[in-house]
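> Below: sequence and its predicted model.
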Amino acid sequence: MTGGDAGGRLVRPFTLTGGRTRPSRADFTLITTVTACDPQPDRAARPQPEHLRILRLCARPVAVAEVAARLDLPVSVVVILLSDLVEADRITARPPHPVNLATPDLDLLQKVRDGLGRL
Amino acid sequence: MAGSDRAAPAPTASPRPTARSAAPDAVKILIAGGFGVGKTTMVGSVSEIAPLRTEEPLTAAGLDIDDLAGIEEKRATTVALDFGRITITRDLVLYLFGTPGQQRFWFMWNDLAIGALGAVVLVDVRRPESSFAAIDFFERRGIPFVVGVNGFHGRHPYPAAEIREALALPDHVQVLLCDARERTSSRDVLIALIDQLIDAATGAAAS
Ligand SMILES: Nc1nc2c(ncn2[C@@H]2O[C@H](COP(=O)(O)OP(=O)(O)OP(=O)(O)O)[C@@H](O)[C@H]2O)c(=O)[nH]1
Ligand SMILES: [Mg+2]
């Protein structure tokens, strides 16, 4: 499905996703945190090389933007690969803290305030 | 390499945590302002990791997402986004996103602003007008922000009050003189933003 992963990857990133330009799950944001499942499910199908790279990156929790930056791939491509991995039960995705400007979360703000104060 | 700077395992040995429970909560703050005002510098000075950068093909970031052929043929123009990370606690992480400075990339700001706690608008004292549009952007959308006046070469020729006046800022918007290259100075601007959010929240609750 994915063409070779050598050379040309940056020029033609969508070849990696089999031509798909939309994730099957549209719920990834830049700061959605993804984490590889441990243990990984037993599956006959081996992950593709790009999927394997992502799995290594998110052995510990990591934001979508960070995966994209470290793989040097556009976020729009990375979220498609991430949806594949969610569907294969290989990673979990945690959405960011919901922020509603009309009803601020004081506990959260205080926590951020305290954390910055410790820097 | 990736994320290994935060690799401390849980000292309290509970049986293998599930991936879900290990993932921290995440929030973000935008670092905005005109072209070359020091946004990337500020992200870098407070981030616990060297600022990271993603490049998005404009076609993918913009409207023509279905136009695959276009993406493959064009030597795609990309819009760069840089960001940093601050671990607040074991279960809360703050991300800082430097918004693209050039006006033609501002369509991205709408997406970036969704879910943000607020923004820092950086102003270069020598050409404050370059950040007018950024101030307008957040004001119009009711997104809370503070203004950081980045003193290039550490110089601050104008007091904050004078800059506030020049920018026609309402009283509740804090104006801070800062040096984007300094970690503590950048941190203090972020703290001022959070304090402003806390003040607004408690003020709203009181009235
Ligand atoms: N002397 C001095 N130089 C600074 C300061 N802040 C930033 N610079 C320099 O100014 C230049 C622009 O800073 P950047 O942080 O790249 O600005 P930016 O807002 O990210 O720029 P764009 O993303 O291109 O809009 C860089 O060469 C920085 O090293 C400062 O406080 N003092
Ligand atoms: Mg920059």
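Good, I have the coordinates. Ligands and ions are numbered 1, 2, ... in the order given.
> Just the closest residue of chain A to chain B, please.
A:Gly115 (3.2 Å; C-beta to the nearest C-beta). Every C-beta, even on glycine, is put in place using the N, C-alpha and C of the backbone.
> quick check, that residue in a helix?
Yes: counting by DSSP: H, G, I helix; E, B strand; the rest coil, one finds A:Gly115 located in a helix.
> Tell me how far the closest residue to it other than its chain neighbours lies from A:Arg118.
Once flanking residues are discounted, A:Gly115 sits nearest to B:Ile88: 3.2 Å by C-beta to C-beta, 6 or more residues apart in numbering or on different chains. Distance, B:Ile88 to A:Arg118, using C-beta to C-beta, to the nearest Å: 9 Å.
> Would you mind telling me which of the two has the busier surroundings?
Legend: neighbour count by other C-beta atoms under 10 Å in any protein chain shown for B:Ile88 and A:Arg118, higher for B:Ile88 (21 against 8).
> and the more buried one, how far is that from A:Val112?
6 Å.
> Select the longest helix from chain B.
In chain B, assigned by DSSP state H, the helix with the most residues is helix B:183-206.
> which SSE is the residue nearest to A:Gly115 in?
strand B:78-89 (DSSP states H and E).
> Show me the strands paired with that strand, marking each as parallel or antiparallel.
strand B:52-57 (antiparallel), strand B:92-98 (antiparallel) (DSSP bridges).
> State the pLDDT value of B:Gly148.
We have a pLDDT of 98 for B:Gly148.
> got the buried residues for stretch B:108-126?
Judged by neighbour count using 16 or more other C-beta atoms under 10 Å in any protein chain shown, the buried positions of stretch B:108-126 are B:108-109, B:112-113, B:115-125.
> What is the nearest of these to chain A?
B:Gly115 (5.0 Å).
> separation between A:Leu85 and B:Ile194?
From A:Leu85 over to B:Ile194 (counting by C-beta to C-beta), the distance is 34 Å.
> For the two, work out which one has more neighbours and name it.
B:Ile194 (25 against 20).
> Could you find the closest non-adjacent residue to the more buried one?
A:Arg113 (4.6 Å).
> Likewise for B:Phe83?
B:Phe97 (4.7 Å).
> bridging residues for the one you found?
Under the criterion used (DSSP bridges), B:Phe97 bridges to B:Leu30, B:Phe83.
> What about contact with ligand 1: does the longest helix of chain B have any residue there?
No: for helix B:183-206, no contact with ligand 1 is found by C-beta under 6 Å from any ligand atom; the gap never falls below 8.7 Å.
> which residues touch that helix?
A:104, A:106, A:109-110, A:112-113, A:116-117, A:119, B:29, B:42, B:45-46, B:96, B:117-120, B:144-146, B:148, B:172-174, B:176, B:178-180 (C-beta atoms under 8 Å, 6 or more residues apart in numbering or on different chains).
> Any buried residues in the strand holding B:Ile88, and which?
For strand B:78-89, by 16+ other C-beta under 10 Å, it's B:Thr78, B:Val79, B:Leu81, B:Asp82, B:Phe83, B:Gly84, B:Arg85, B:Ile86, B:Thr87, B:Ile88.
> Tell me what angle it forms with helix B:183-206.
80 degrees (axes from the mean of the first three to the mean of the last three C-alpha atoms, to 10 degrees).
> Could you pull up the mean pLDDT of strand B:78-89?
92.
> picking up where we left off before, list the residues that contact both of B:Ile88 and A:Val112?
With C-beta under 8 Å, 6+ apart as the test, B:Ile88 and A:Val112 both reach B:Leu94.
> any idea how far the residue sitting nearest the centre point of chain B is from B:Met42?
Closest to where the C-alpha atoms of chain B average out (C-alpha atoms, centre = their mean) is B:Leu30, at 2.1 Å. Between B:Leu30 and B:Met42 the distance is 11 Å, computed by C-beta to C-beta.
> Which element, helix or strand, includes B:Leu117?
Assigned by DSSP H and E, B:Leu117 falls in strand B:116-124.
> do that strand and chain A meet?
Yes: Strand B:116-124 is in contact with chain A by C-beta under 8 Å from any C-beta of the partner chain, via B:Ala116, B:Leu117.
> Show me what whichever helix or strand comes after that strand is packed against.
Remark: after strand B:116-124, the chain's next helix or strand is helix B:132-141, criterion DSSP H and E. When contacts are defined as 3 or more C-beta pairs under 8 Å, 6 or more residues apart in numbering or on different chains; DSSP states H and E, helix B:132-141 packs onto strand B:25-33, helix B:107-113, strand B:116-124, strand B:145-150.
> For chain A, identify the residue most remote from the centre.
A:Gly117 (29.5 Å).
> need the contact list for that residue.
B:Ile191.
> 10 Å - rerun?
A:Gly117 makes contacts with B:Arg187, B:Asp188, B:Ile191, B:Ile194, as judged by C-beta atoms under 10 Å, 6 or more residues apart in numbering or on different chains.
> And the pLDDT at the residue in chain A that ligand 2 sits nearest to?
When scored by C-beta to the ion, chain A has A:Ala69 as its residue closest to ligand 2, at 14.1 Å. For A:Ala69, the pLDDT comes out at 96.
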